[in-house]
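*Asks:* Sequence first, predicted model second:
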Amino acid sequence: QVQLVESGGGLVQAGGSLRLSCAASGLTFNTYAMAWFRQAPGKEREFVARISWSGGSTNYAASVKGRFTISRDNAKNTVYLQMNNLKSEDTAVYYCNARSLTTSLDAWGQGTQVTVSS
């Protein structure tokens, strides 16, 4: 059973930083592309960042490019999201996503709340 557990959310002032982690289990981690999405109150879930199975390729939403960095440690089955220069509009629940390269499996974590105060 695939399980994704996010951590690292919290309350931070505008301009501050947070690092989110997502620990994966029940899957062969290096056969999954990993991503972060977020959902603000009253809004649809939106893409934030994605990283390839090897970590060699990343892409970002325009709203976070240059401020957020996605990375992964395949030895630890963990993906990270370093968030710098946070803005109030970054306030949302952040979700980890795993998408298999070989099957149709698409898994989600339970989310972690990030609140940025202005």
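*Replies:* Arrived safely.
*Asks:* in which helix or strand would I find the spatially most central residue of the chain?
*Replies:* For the chain, the residue nearest the mean C-alpha position is W36 (2.8 Å; C-alpha atoms, centre = their mean). Taking DSSP states H and E as the definition, W36 sits inside strand 32-39.
*Asks:* who touches that strand?
*Replies:* 20, 22, 24, 45-53, 70, 72, 79, 81, 90, 92-101, 111, 114 (C-beta atoms under 8 Å, 6 or more residues apart in numbering). All C-beta atoms are positioned from the backbone trio N, CA, C, and that covers glycine.
*Asks:* Of the residues you listed, just the buried ones, PyMOL syntax please.
*Replies:* Per 16 or more other C-beta atoms under 10 Å, the buried members of the contacts of strand 32-39 correspond to this PyMOL selection:
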select buried, resi 20+22+24+48+49+50+51+53+70+72+79+81+90+92+93+94+95+96+97+98+100+111+114
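*Asks:* What is the burial count for the residue nearest to S71 when sequence neighbours are not counted?
*Replies:* With C-beta to C-beta, 6 or more residues apart in numbering as the criterion, S71 has its nearest non-adjacent residue at 4.9 Å, and that residue is Y80. Residues lying near Y80 (other C-beta atoms under 10 Å) number 19.
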